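Undergrad: Predicted model and sequence follow; I will ask about them next.
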Amino acid sequence: MSHKLAKCLLDALEACRAIIEFTDGYTFDNYNGSQLLRSAVECQFEILGESFNRIEGLDDTFRERLPEIGSIIGMRNRIIHGYDTVDNSIVWDAVQLYIPKLIKWFDENEGLCFE
């Protein structure tokens with residue numbers, strides 16, 4: 001595995017961990033009412049999506065291992081290019097439902113990801 005690919009994977013994992021850390025103990029109402037918290041989480045989603053975007057450029061078979069990569073890149077694109085149409089409830093649902101699954105995927109594929 002190239003150094004660049006390993007770095008992008010590590011960046012993606014760290015972004016997931018940051019999202020969990022930032023939102024731990026908070027509710028959707030807390031999230032929705034805090035521009036600071038929303039900004040922090042959205043920034044990590046941008047890093048996560050950009051990391052996966054770069055990974056696809058480095059390894060065109062990666063989507064086979066993680067089919068959700070397209071949705072993650074799409075969320076990054078929405079946050080960056082459609083910032084004024086971001087639905088906070090969709091972001092919150094991703095935080096609650098998909099980020100823990102993604103961290104589990106990293107744990108289960110650690111050898112594959114960081115060899």
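TA: Here it is on my side, so go on. Everything quoted here is computed from the prediction, not taken from an experiment. Residues are numbered from 1 along each chain as shown.

Undergrad: which secondary structure element contains the nearest residue to Y26 once chain neighbours are set aside?
TA: Closest residue in space to Y26, ignoring its immediate chain neighbours: L37 at 6.8 Å, by C-beta to C-beta, 6 or more residues apart in numbering. In short, each C-beta sits where N, CA and C put it, glycine included. Taking DSSP states H and E as the criterion, L37 maps to helix 35-58.

Undergrad: elements contacting that helix?
TA: helix 3-23, helix 28-33, helix 62-65, helix 69-81, helix 88-93 (3 or more C-beta pairs under 8 Å, 6 or more residues apart in numbering; DSSP states H and E).

Undergrad: Could you list the residues in contact with it?
TA: 2, 4-5, 8-9, 11-12, 15-16, 18-19, 22-23, 26, 30-32, 62-63, 66, 69, 72-77, 79-80, 86, 88, 91, 94-95 (C-beta atoms under 8 Å, 6 or more residues apart in numbering).

Undergrad: sorry, back to before: for the helices and strands packed on helix 35-58, could you give me JSON lines that also reports distance to I99?
TA: JSON lines is the format used below for the helices and strands packed on helix 35-58 (distance: least, C-beta to C-beta, whole Å):
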{"stretch": "helix 3-23", "distance to I99": "5"}
{"stretch": "helix 28-33", "distance to I99": "13"}
{"stretch": "helix 62-65", "distance to I99": "18"}
{"stretch": "helix 69-81", "distance to I99": "10"}
{"stretch": "helix 88-93", "distance to I99": "10"}
